[in-house]
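In: no sequence for this one, just the structure:
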C-alpha cells in the first residue's frame, strides 16, 4: 500500500492536531513554516510556548502535536518559494495539502486550491479558518470561537460568569473535521480520480456540536435550558458533583430505573417520593433532590459511596486529576510516547482508537527547518540550488 504524504502549512494547534492523526497512522507529514523575518522568532509561534524541555524552539506546548513529522521552511511570499512548493507537491507525490491561515492570504501565498490543483489535479486540499472563505480576514482562535459559538455561555455555574472549557475543544474539533473529511475525500478520489477542496470553519464546526441546545429554541424552551448549569445535566436529574467525607464524587442518573435502584440503597432511601419516580417529576424538585443527595453523600467516604453505587450499577466516579487519569489501568498501556534528545521518554495522550498496526512510539518533533535541505534534494534540487535558495532567503 502506498504511504500517504501530507504537506501542511501549519501552526498553533488546530491543524497540527489533525496532521498528528495522519502521522500516527504512519503517513508522511511534512510541516511548512515561514522563513525568518527581521522581527520575531522563526516559524510556528507555538514552538516557543511553554518550558524549554529540549531546546529553544521545541518547548513543552509544541511537542505532543508535532511528533512524527518533518519540518521545512519556505518563503511563500516569494514567487520562487511558491514554485518550490508546487515542485514539492509533484515530486513528493503529495496526497494532501493543508493550511490554517486566513483565507485572504491563500492566493497571495500561492496556496489556493486552484493553483495547487493545477500542479497536481488529484490533490486533496484542506484549510482551517475562523469562519471559512466567506469571511476571509477573520482570525481564528479557540477561546474567541468558544465565546462566539455559545460554548462559554453554557459553561460554568448558573450564577457565575461564562467560562472557557478546560481544553481547546474547538481547535481539536476543527482538526478532527480535517481528519474525517480528508479520509472521505481520499475514498471519493479512489472512486473518481478527482481531488477536492475542503474548507473547515471553526465556528461552523463548533456549532455542529450544539445538537442538544440549538433545536430547543424552536421548541420554545425555557431560558435555563440553554444556559449555564454548572455540573448538573440540564435534562437528566440527578446528575451532579456531590460531596463525600473525604472528597467528591460525580454521579449520573440517566433513567427512572436507575433512580429506583439508587433510592433502593438505604443511604439514599430518604430522597425517594412519589413525585420523583419520573425524570419529569424530578425536574420539578431538582434543587431539593441535590440537597437531599448531598446530605447523604457527605456522611460517607468516596470509596464507600462508589462501592454502593457500583453494586446498584449507577454510573459514578471519583473526580480524577490529570496525573490520576494517566495512571488509569484502562489507559496507562495505551499512551503514546516519544523520546527526548537526552534519552528521556515522554508519555503523551493515547490514540483515539486502538490500531494494532500503529506504533505508539513517535519520533521527537524536528527543529525549525531541520529537514529543508533533505526534502529539497529529494524533490530533485541539486545541492548548489538548495544552497542558493537558502542563501537568498527562499528557504531556511
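Out: Ah, there it is. Quick caveat: nothing in here was measured; it's all calculated off a predicted structure. Numbers count the residues shown, from 1 in each chain.

In: make it CA atoms for all contacts and neighbour counts henceforth
Out: OK.

In: how about the residue nearest the centre of the chain, phi and psi?
Out: Centrality entry for the chain: nearest residue to the mean C-alpha point is residue 172, 1.8 Å, by CA atoms, centre = their mean. Backbone torsions for residue 172, taken as degrees, to the nearest 10, come to phi -70, psi -40.

In: so where do the strands sit in the stretch 1-150 of the chain?
Out: 5-9, 28-34, 70-74, 96-99, 124-129 (DSSP state E, counting those that start in this stretch).

In: Out of those strands, which is the most enclosed?
Out: strand 124-129 (a mean of 27; mean count of other CA atoms under 10 Å).

In: one step back: so the residue nearest to the centre of the chain makes contact with residue 19?
Out: No: checked against CA atoms under 8 Å, the pair residue 172 and residue 19 is beyond contact range at 11.2 Å.

In: on that earlier part again, for the strands of the stretch 1-150 of the chain, which one sits closest to residue 248?
Out: strand 124-129 (39.6 Å; CA to CA).

In: got the angle for the closest one vs strand 5-9?
Out: 30 degrees (axes from the mean of the first three to the mean of the last three CA atoms, to 10 degrees).

In: ok, residues contacting strand 124-129?
Out: 14-15, 95-103, 113, 138-140, 174, 178, 182, 185-186, 195-202 (CA atoms under 8 Å, 6 or more residues apart in numbering).

In: if you set the cut-off to 7 Å instead, what comes out?
Out: 95-103, 113, 140, 178, 185, 195-202 (CA atoms under 7 Å, 6 or more residues apart in numbering).

In: and if you look at stretch 11-21?
Out: Contacts of stretch 11-21 (CA under 7 Å, 6+ apart): 10, 29, 44-46, 65-66, 100, 171-172, 174-176, 178-179.

In: My read is that residue 73 contacts residue 32, right?
Out: Yes: counting by CA atoms under 7 Å, residue 32 is a contact partner of residue 73 at 5.5 Å.

In: end-to-end on stretch 55-74?
Out: In stretch 55-74, first residue to last residue: 22 Å (CA to CA, to the nearest Å).

In: what's the answer for stretch 376-383, then?
Out: 9 Å.

In: Equivalent analysis for stretch 378-388, please.
Out: 16 Å.

In: Same question for stretch 6-26.
Out: 11 Å.

In: now stretch 31-48
Out: 16 Å.

In: and if you look at stretch 279-298?
Out: OK, stretch 279-298 end separation, CA to CA: 24 Å.

In: same thing with stretch 183-199?
Out: Terminal-residue distance, stretch 183-199 (CA to CA): 14 Å.

In: what do you get for stretch 96-113?
Out: 11 Å.

In: Can you tell me what sits against it?
Out: By CA under 7 Å, 6+ apart, stretch 96-113 touches 5-10, 15, 76-77, 82, 123-129, 133, 136-139, 197.

In: now swap in stretch 248-261 and tell me
Out: By CA under 7 Å, 6+ apart, stretch 248-261 touches 236-243, 277-279, 302, 312, 314-319.

In: Can you list the buried residues in that stretch?
Out: Residues 248-254, 256, 258-261 are the ones in stretch 248-261 that count as buried (16 or more other CA atoms under 10 Å).

In: Which of those fall in helices?
Out: Mapping the buried residues of stretch 248-261 onto helices (DSSP state H) picks out 256, 258-261.

In: How much space separates the nearest residue to residue 14 once chain neighbours are set aside from residue 165?
Out: Leaving aside its sequence neighbours, residue 14 sits nearest to residue 171 (CA to CA, 6 or more residues apart in numbering; 4.2 Å). Relative to residue 165, residue 171 is positioned 12 Å away (CA to CA).

In: ok, these two, which is more surrounded?
Out: Neighbours per residue, other CA atoms under 10 Å: of residue 171 and residue 165, the larger number sits with residue 171, 26 against 15.

In: any idea which element the more buried one lies in?
Out: Assigned by DSSP states H and E, residue 171 belongs to helix 169-192.

In: quick one: which of the strands of the stretch 1-150 of the chain is nearest residue 389?
Out: strand 70-74 (9.3 Å).

In: Residue 29 contacts residue 10, correct?
Out: No: using CA under 7 Å, residue 29 is not in contact with residue 10, being 10.9 Å away.

In: Phi and psi next, for residue 337.
Out: Dihedral angles (degrees, to the nearest 10) for residue 337: phi -150, psi 160.

In: Please report the distance of the closest residue in space to it that isn't next to it in sequence from residue 243.
Out: Nearest non-adjacent residue to residue 337, counting by CA to CA, 6+ apart: residue 347, 4.4 Å away. Between residue 347 and residue 243 the computed distance is 32 Å (CA to CA).

In: do residue 21 as well
Out: Residue 21 is 39 Å from residue 243, where distance means CA to CA.

In: got it, and residue 25?
Out: For residue 25 relative to residue 243 (CA to CA), the value is 43 Å.

In: same deal with residue 64?
Out: 35 Å.

In: swap in residue 88?
Out: Separation of residue 88 from residue 243 (CA to CA): 59 Å.
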